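Asks: This is the structure alone, sequence omitted:
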């Protein structure tokens, strides 16, 4: 678990990170360089979950050797499926991370919703539902290595 104190806000007690795959930790079905190492580096402190409809059929291969749980959802009603999975993990202890319209509800309900503005873009309604915007997925991992960055962004 990672605990971060944010002045003027409830403490964050993070046990899980729920990650969208395409557009968030992968581009065109291929894992972004450095993501494997970062997940494995932080896997002792929190559980990582990747949720995807696997549009490109590559997720199992791309996540090989990564300390995470993979959850493949059906093509239809992905937003609801992501929200249900978040609820099973416990939204009060889970960071939701995504970029697509189907991530909006997940980011809104997670203890910390992180929108990623990567090469595949970002749905504006998902941005509006987020607590934090990062330019690149590796920027998110830097918050756990340097928690004062997160404090500076979220303090009241």
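Replies: Yes, it's here. What you see is a predicted model, and the numbers here were worked out from it, not measured in a lab.

Asks: and the residue most central in space within the chain, which of the three is it?
Replies: Closest to where the C-alpha atoms of the chain average out (CA atoms, centre = their mean) is residue 97, at 2.4 Å. Secondary structure state of residue 97, per DSSP: H, G, I helix; E, B strand; the rest coil, is strand.

Asks: what residues are up against it?
Replies: 17-20, 24-25, 103, 107, 113-114, 116, 137, 140 (CB atoms under 8 Å, 6 or more residues apart in numbering). For glycine as for every other residue, the C-beta is placed from the backbone atoms N, C-alpha and C.

Asks: Whichever of the residues you listed count as buried, I'd like them selected in ChimeraX; how would that read?
Replies: Of these, the buried ones can be selected in ChimeraX as follows, counting by 16 or more other CB atoms under 10 Å:
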select :17,18,19,20,24,25,103,107,113,114,116,137,140
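
Asks: Widest-spaced pair of the contacts of residue 97?
Replies: With CB to CB as the measure, no two of the contacts of residue 97 lie farther apart than 25 and 113, at 15.8 Å.

Asks: if we can go back for a sec, and the residue nearest to the centre of the chain, how far from residue 66?
Replies: 15 Å (CB to CB, to the nearest Å).

Asks: before we move on, what about residue 22?
Replies: Distance from residue 22 to residue 66, by CB to CB: 16 Å.

Asks: So which of the two has more stuff around it?
Replies: residue 22 (22 against 19; other CB atoms under 10 Å).

Asks: Mind listing what's buried along the biggest helix by length in the chain?
Replies: Counting by DSSP state H, the longest helix found in the chain is helix 78-89. By neighbour count on 16+ other CB under 10 Å, the buried set for helix 78-89 is 78, 79, 81, 82, 83, 85, 86, 89.

Asks: Out of the residues you listed, which comes closest to residue 120?
Replies: residue 78 (15.2 Å).

Asks: residues touching the closest one, list them.
Replies: Residues counted as contacts of residue 78 (CB under 8 Å, 6+ apart) are 53, 102.

Asks: Okay, strands next: where are they in this protein?
Replies: For the chain, the strands defined by DSSP state E cover 2-4, 12-14, 16-20, 26-27, 30-31, 47-52, 69-72, 94-98, 112-116, 132-134.
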